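> this is a predicted model, with the sequence first.
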Amino acid sequence: MEGIGLEGDGSNGEALGKCLSGLVDDGSTESHRYYLSRRTVLEMLRDRGYAVPNTEIDLSLHEFRAIHGQSPDFDRLKLSVTHKTDSSKRTLVVFYGPGVVKVSGIRLIAGLITSKETLTGLILIVQNHITNQALKALDLFSFKVEIFQITDLLVNITKHVLKPQHRVLTEHEKQRLLQKYSIEEKQLPRLLKKDAIARYYGFEKGQVIKVTYGGEITESHVTYRCVW
């Protein structure tokens, strides 16, 4: 690599050299945000046990823009996935526009769900705040609704080198743990349901999570937390 500055002597205002030009994103910020958030939500669903093709997760930014353009259409970004071991579990992901989420918008989302669809979950990705009336309208859905700000999905928090592994104990494993230490679940350290890692995995209140720390930086050890 011959230098990292401008090509030529820099006096004639020539374009960036190959090294720096390769780092410049000449596409829209909007498409980049949708690309990153879509990839994270796909990884999140895969980590929850849903069938997500690797080809979708591995899609490059260039390929994403070739499909969706510089200003992606929200309806085309919509996707649904089925759980790998329980086909009755199906989640719909809907991207909302930059405006405030109102009741009228929730009605439009409800209209996307056909009478033949049997959903067990909806993930709504928004860019603005949601009115109280819209939140009440979401409560009327017969399945679980999760709301994420798009900025929360630009980076996958589980990929951090210091993040431990999290696994939900089965009910049998949970009872064995409580009996072993002669404790009640409320005596375990708490993991708030609104915690970022709990939201990523979709943990529910009352579940006991096995948290395994390990790696070259920290000494390997295990702890347990109850979701509140």
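Thanks, I have it.

> only C-alpha atoms from now on, for both contacts and neighbour counts.
Fine.

> which residues does K186 contact?
Residues counted as contacts of K186 (C-alpha atoms under 8 Å, 6 or more residues apart in numbering) are C226.

> my read is it is in a helix, agree?
Yes - counting by DSSP: H, G, I helix; E, B strand; the rest coil, K186 falls inside a helix.

> and it, how far from Q207?
Distance from K186 to Q207, counting by C-alpha to C-alpha, to the nearest Å: 11 Å.

> what do you get for G27?
Remark: distance between G27 and Q207 (C-alpha to C-alpha) = 43 Å.

> find the residues that touch each one of K186 and Q207.
Joint contacts of K186 and Q207 (C-alpha under 8 Å, 6+ apart) are C226.

> before we move on, the earlier item: which one of G27 and Q207 is surrounded by more residues?
Q207 (18 against 14; other C-alpha atoms under 10 Å).

> give the contact list for that one.
If a contact means C-alpha under 8 Å, 6+ apart, then Q207 has 168-169, 226-227 as its contacts.

> for R76, same thing?
H68 are the contacts of R76 under C-alpha under 8 Å, 6+ apart.

> quick one, phi psi at it?
phi -70, psi -20 (degrees, to the nearest 10).

> with adjacent residues omitted, what lies nearest to L61?
Nearest non-adjacent residue to L61, counting by C-alpha to C-alpha, 6 or more residues apart in numbering: Y35, 6.5 Å away.

> so the one you found makes contact with E63?
No - contact status for Y35 versus E63: not in contact, 9.9 Å apart, counting by C-alpha atoms under 8 Å.

> not counting sequence-adjacent ones, nearest residue to the residue nearest the centre of the chain?
The C-alpha lying nearest the average C-alpha coordinate of the chain belongs to V41 (C-alpha atoms, centre = their mean; 3.2 Å). Counting by C-alpha to C-alpha, 6+ apart, V41 lies nearest to L153, which is 7.0 Å off, once chain neighbours are set aside.
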